[in-house]
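>>> Structure, please.
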Amino acid sequence: MEDTTVLIVGAGPTGLSLALYLGQMKIKTIILEKQVEVIEDPRGISIAGDAVRVTYQLGIGDALFNTFGSEIGTLHFHNKTFHSPPFMGFDTRSDHLQQSVSNAIVQFQPDYERALRKALECLPSCELRLGCEVLSRAENDEGVIVTYSDNDDNTKQVRASWLIGADGKCGIVRKKFLEPEGIFQKVGLYNHVSTWVAANFETQLPTPATHPEFPLWKLGYSPQDVHELFWPHGLHFCNDVKRPTVSGRFGPVGRQLWRHEYSIEAGDHLDDPVAHLWTQFGPWLEIPGSKISKQLDGLTVTFPRDCIQITRCRPFTFSTKVVNRWFCRRTLLIGDAAHVFPPFGGQGIASGIRDAQALAWRLSILSQNKMPTFVQERVLTGWANERRQSCDHATRATRVNGMVTNMRSATLAFLFQSLMRLIWCVPDLVRILTRNTMGDTFRYQTAPGVFALHTKGGGRKLPQCWVRVARLSLVVIVRNNEEVDELAVEKMVEKASLPAGILTVESIIFLRIGNEELDSENWRTFQHQYRLCSKDELLSEGICPVDGYDEKTIERRIGRAAKYLILRPDFYIHSIAIDEKDFLANAQTIAEYFTLE
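Modelled structure (predicted):
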């Protein structure tokens, strides 16, 4: 029988992300995917928050902006349609998350998955098997035996230390294997259920040659100008008390892709979803000529219907749900198999790859060390409790957009929109609201198994500092030209005597904070040395940082007394120490976490 350390069912963004992380850690991994080809229907279109940062960590971040995605830009909130002036808007391009990359992108999911698959090909410890359908599972304390049929209809078995269900909300791992164990998706932080039509369009640019009678050519409009007029940049949340709508661009720049979603109301008939779509969206493609120019007064300008291809149009029922338990012994759930969100915050794919990032390094440690069952339970319970807190955080962010979009009281909507229009006249208030709404202030709260020392500054993310991390890392803070004894730091780590692979001398990172010139000879000898770059330095190198970039955010987050940071691979700080004694005490809690009952 074939053996592997981790067996992943499902090769969507979540499963592939987990496999990539495990492959980077050289953990033997097999991914079983039922489909042979990438599904060309782009289901999720956005990636929000620190999931953008995770994509860079996976090694495909640059492709977000030059291959399969682009920045969202601004989240606009309108009354009824995106042709009405927005009553408020949030610019996602500023560095509200202190991660030095965009806060949100819109992407073409099939190409995103292809990029993940291509990155996976470079990792010899990982294998993606297509056309494979899982049939059954048997589990004991030592592992899981999975029976599956391959693309040639041969029945095979593989034994794994860990089975991961990343096969979606209707996947076999939860529905067939874990629901009999009492694991179900249940209502999350708040109860939301609604049915919407989700439609994708791919448009062509009309030109004077293809549409000579189009009236805007006489006004000097270019084909691109026409596209900007009818398909405006950004994402648009449109509050209509009769039928709320979300609409906007997605995918890479230059490929005119558009997503339009609207609620299904009582009395709607969807025998012909495309015809129903045109009755709802067709009027949005008609603009009174008087709004464009006096020369067109009395004329309605309509975007040419023959320049629009509908690539998807079908109803979906959205809800807010999360599993009551994330794992059962050695079988775990991530992504849509564990949680689902409404389409108002771009949290579906984002939460899935956060699940994968937080799980991968734990599986690596558990796989390298022979640990008793109660320690494995503690580690995975901590992971599950952190993931539930993260899901609730994502749900709150989604709920804000959803509540504004779905207001059904005309009076309440009018009062709210009037107030927002007033606030948006005061730039300082807008900055505060934007920072509070989009800024990621999430910190893991105390719960069983959570891997962070709250009394020692743990549980919050470290601002982006562009380092590659294998498992835990020790970040040594060096201020200005302070001399550092590298060997002494290595001996300090060795003295901690942590279990294998948790924190090693190879994972020591020296991070210089300060503005003085680098004149210490010691800095030239360190293997892992980093210095924070100012905005001016980046610009001098031809790098244009995101708006609001500030290299001092790290010191503000950790405090001036911080010396030794134990940093998790998922950007979260485990603990902060001010001296060696403090560090060894923090390290002792890690040893106890992984070894003691």
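>>> Go through the helix or strand bottoming out on mean pLDDT in the chain and flag the buried ones.
Between all helices and strands in the chain, the lowest mean by mean pLDDT, DSSP states H and E belongs to strand 529-531, at a mean of 78. Residues of strand 529-531 classed as buried under the neighbour-count rule (16 or more other C-beta atoms under 10 Å) are Gln529, Tyr530. Where C-beta positions appear, they are placed from N, C-alpha and C, glycine not excepted.
>>> What is that strand packed up against?
Packed against strand 529-531, as judged by 3 or more C-beta pairs under 8 Å, 6 or more residues apart in numbering; DSSP states H and E, are the following elements: strand 508-513.
>>> Spell out which strands sit alongside the strand it packs on in the sheet and which way each one runs.
Neighbouring strands of strand 508-513 in its sheet, by DSSP bridges, are strand 473-479 (parallel), strand 529-531 (parallel).
>>> low-confidence ranges in the protein?
For the chain, applying pLDDT under 70 flags the ranges 439-441, 465-471, 481, 515-528, 596-597.
>>> hey, which helix is longest across it?
helix 373-405 (DSSP state H).
>>> In terms of secondary structure, what does that helix contact?
If contacts are counted by 3+ C-beta pairs under 8 Å, 6+ apart, helix 373-405 sits against strand 74-79, strand 235-239, helix 348-368, helix 580-595.
>>> Give me the residues contacting the last one.
Here helix 580-595 makes contact (C-beta atoms under 8 Å, 6 or more residues apart in numbering) with 365, 369, 371, 375, 378-379, 451, 453, 456, 472, 474, 492, 495-499, 502-503, 563-564, 566, 574-575, 577.
>>> if we can go back for a sec, buried residues, whichever helix or strand comes after the longest helix of the chain. List them.
Under the assignment DSSP states H and E, the closest C-terminal helix or strand after helix 373-405 is helix 410-423. Taking 16+ other C-beta under 10 Å as the neighbour-count basis, helix 410-423 is seen to contain the buried residues Ala413, Phe416, Gln417, Met420.
>>> And the closest residue to the second one other than its chain neighbours, its phi and psi?
So that's Phe416. In space, not counting the residues next to it along the chain, Phe416 is nearest to Met407; the distance is 6.7 Å by C-beta to C-beta, 6 or more residues apart in numbering. Here the main-chain torsion angles of Met407 (degrees, to the nearest 10) amount to phi -60, psi 130.
>>> and the gap between Met407 and Val340?
With distances taken as C-beta to C-beta, to the nearest Å, Met407 is found 23 Å from Val340.
>>> quick revisit: including distance to Phe201, could the buried residues of helix 410-423 go into JSON lines?
What follows is the buried residues of helix 410-423, written out as JSON lines (distance: C-beta to C-beta, whole Å):
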{"residue": "Ala413", "distance to Phe201": "27"}
{"residue": "Phe416", "distance to Phe201": "30"}
{"residue": "Gln417", "distance to Phe201": "27"}
{"residue": "Met420", "distance to Phe201": "29"}
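>>> Could you look up the SS state of Ile105?
At Ile105 the chain is in strand, as set by DSSP: H, G, I helix; E, B strand; the rest coil.
>>> didn't it look like it was pressed against Thr67?
No - when contacts are counted by C-beta atoms under 8 Å, Ile105 is not listed as touching Thr67 (11.5 Å).
>>> who has more neighbours, these two?
Ile105 (26 against 15; other C-beta atoms under 10 Å).
>>> The residue lying closest to the more buried one once chain neighbours are set aside pairs with what?
Spatially, and ignoring its direct neighbours in sequence, Ile105 is nearest to Gly69 (4.6 Å; C-beta to C-beta, 6+ apart). Judged by DSSP bridges, the bridge partners of Gly69 are Gln107.
>>> Look at Gly69 and say how many residues are nearby.
28.
>>> swap in Leu219?
For Leu219, the tally of surrounding residues (other C-beta under 10 Å) stands at 12.
>>> mind listing what it touches?
Counting by C-beta under 8 Å, 6+ apart, Leu219 makes contact with Ile292, Ser293, Gln295, Leu296.
>>> Tell me how far the second one lies from Pro283.
In other words, Ser293. Distance, Ser293 to Pro283, using C-beta to C-beta: 20 Å.
>>> cool, the last one as well?
Separation of Leu296 from Pro283 (C-beta to C-beta) stands at 17 Å.
>>> Give me the more crowded residue out of the two.
When Leu296 and Pro283 are compared for neighbours, Leu296 comes out ahead with 18 against 13, by other C-beta under 10 Å.
>>> measure the nearest residue to that one once chain neighbours are set aside to Glu113 for me?
Using C-beta to C-beta, 6+ apart and skipping the chain neighbours, the partner closest in space to Leu296 is Gly289 (2.7 Å). Gly289 is 43 Å from Glu113, where distance means C-beta to C-beta.
>>> Equivalent analysis for Val430, please.
Distance, Val430 to Glu113, using C-beta to C-beta: 37 Å.
>>> repeat for Leu474
Separation of Leu474 from Glu113 (C-beta to C-beta) stands at 35 Å.
>>> Between these two, which is the more surrounded one?
For the pair Leu474 and Glu113, the greater number of neighbours falls to Leu474 (24 against 19), based on other C-beta under 10 Å.
>>> List the contacts of that one.
Val489, Val493, Leu503, Ser507, Ile508, Ile509, Tyr564, Leu565, Ile566, Leu567, Phe583.
>>> What count of nearby residues applies to the second one?
If I follow you right, that is Val493. Other residues within reach of Val493, judged by other C-beta under 10 Å, total 20.
>>> Name the nearest residue to it, ignoring sequence neighbours.
Spatially, and ignoring its direct neighbours in sequence, Val493 is nearest to Val505 (5.4 Å; C-beta to C-beta, 6+ apart).
>>> just the fourth one next, same as before
The shortest distance from Ser507 to any non-neighbouring residue, by C-beta to C-beta, 6+ apart, is to Ser473 (4.4 Å).
>>> residues in contact with that neighbour?
Shown in contact with Ser473 (C-beta under 8 Å, 6+ apart): Val467, Leu503, Ser507, Ile508, Ile509, Ile566, Leu567, Pro569.
>>> Would you convert the residues you listed into CSV that also reports neighbour count and distance to Cys170?
Below are those laid out as CSV (neighbours: other C-beta atoms under 10 Å; distance: C-beta to C-beta, whole Å):
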residue, neighbour count, distance to Cys170
Val467, 15, 39
Leu503, 21, 40
Ser507, 21, 40
Ile508, 20, 45
Ile509, 20, 43
Ile566, 27, 40
Leu567, 24, 37
Pro569, 22, 31
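>>> Tabulate these (CSV), appending distance to Glu386.
Putting the contacts of Ser473 into CSV (distance: C-beta to C-beta, whole Å) gives the following:
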residue, distance to Glu386
Val467, 21
Leu503, 19
Ser507, 21
Ile508, 25
Ile509, 23
Ile566, 16
Leu567, 15
Pro569, 13
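>>> Identify, from those, the entry nearest to Ser319.
The shortest separation between Ser319 and any of the contacts of Ser473 is 31.4 Å, and it belongs to Pro569 (by C-beta to C-beta).
>>> Over to the closest one: give its phi and psi.
Backbone torsions of Pro569, given as degrees, to the nearest 10, read phi -70, psi -20.
>>> do the same with the one 10 residues further on
Here is the backbone geometry of Asp579 (degrees, to the nearest 10): phi -160, psi -180.
>>> Kindly tell me how buried it is, as a neighbour count.
Taking other C-beta under 10 Å as the neighbour definition, Asp579 ends up with a count of 10.
>>> re the thing from before, quick one, which of the strands paired with strand 508-513 gets closest to Gly182.
strand 473-479 (37.8 Å).
>>> ok and that closest one relative to helix 580-595, angle-wise?
Put simply, strand 473-479 runs at 170 degrees to helix 580-595, going by axes from the mean of the first three to the mean of the last three C-alpha atoms, to 10 degrees.
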